[in-house]
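# the sequence isn't on hand, but the structure is:
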DNA sequence: CAGTATCCACAATGATACTG
DNA sequence: CAGTATCATTGTGGATACTG
């Protein structure tokens, strides 16, 4: 178990979710993988302006936490596919709920820009 | 709107939830406030070993994000009560879900300690 | 009681350049 | 294509001490 997850658990189980999904882009990654498996570059374009280094790290952590699987195809050019594991699939309702909640929140706070 | 929330929103609405709940202790704070309002010190003891400085910061951010209200009573000794706002209450199902999910995750990974 | 003031430490993101 | 290497930066969290 990753250290941050373990730390979260010592505080309260309720914190574990954000420990595994709290990284930059992670929820967005899971949201996209929830639709269908993605290749590395494809995923990068889907989530936005993320550098390869950061995307790799997020994926490795999601993999370490058991939410995402990584499949390497022995082809030229190289192909690597990322997909949700069964455990990752269990997050589907939470992701959908958060997506809605965030959209509602955004709408309620529309126009408030940080100066 | 806090900058981190604004940044999250630019990425994807799904990230807003972790932006407002992602701080250390924040979910635990919300979970406790979901039971009943708490005073500052009371909250500190409830969530665990958190320093006043950090607890204050988390509460101020939750307040800025509209999830928590802060009520000062003009008494001696001073009394300040924190409670969930209506918006904060809307997080209740998510908090309950995350609590369950985290507990299940912990049980499934019991014994795996980070070396 | 309910904080604030300093200072420090570190993990995590990001930019850039390079490779099997 | 799918990454890795290096470096710079910064936001958070934490320890300690002090105050209205």
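Here it is on my side, so go on. This structure is a prediction, so every number in the text was calculated from the model and none was measured. Numbers count the residues shown, from 1 in each chain, chains lettered A, B, ... in the order given.
# show me what contacts residue A:17?
Each residue near residue A:17 by CB atoms under 8 Å, 6 or more residues apart in numbering or on different chains is listed here: A:94, B:27, B:98, B:101, B:102. (C-beta placed from N, C-alpha, C; glycine too.)
# same thing but at 6 Å, please
B:98, B:101, B:102 (CB atoms under 6 Å, 6 or more residues apart in numbering or on different chains).
# which of those ranks first by neighbour count?
Using other CB atoms under 10 Å in any protein chain shown as the neighbour test, these are led by residue B:98, with 25 neighbours.
# tell me which element that residue falls in.
Per DSSP states H and E, residue B:98 falls inside helix B:92-108.
# next: residue A:41.
Assigned by DSSP H and E, residue A:41 falls within helix A:40-47.
# avg pLDDT for that helix?
Averaged over helix A:40-47, pLDDT sits at 96.
# now swap in stretch A:64-83 and tell me
For stretch A:64-83, mean pLDDT is 96.
# now do the buried residues in that stretch.
By neighbour count on 16 or more other CB atoms under 10 Å in any protein chain shown, the buried set for stretch A:64-83 is A:65, A:66, A:67, A:68, A:69, A:81, A:82.
# about what we covered before: which other helices and strands contact the helix holding residue A:41?
Secondary-structure packing of helix A:40-47 (3 or more CB pairs under 6 Å, 6 or more residues apart in numbering or on different chains; DSSP states H and E): helix A:26-35.
# centre of the chain to the helix it packs on, how far?
Here helix A:26-35 is found 5 Å from its chain centre; the criterion is CA atoms, centre = their mean, to the nearest Å.
# great, nothing more from me.
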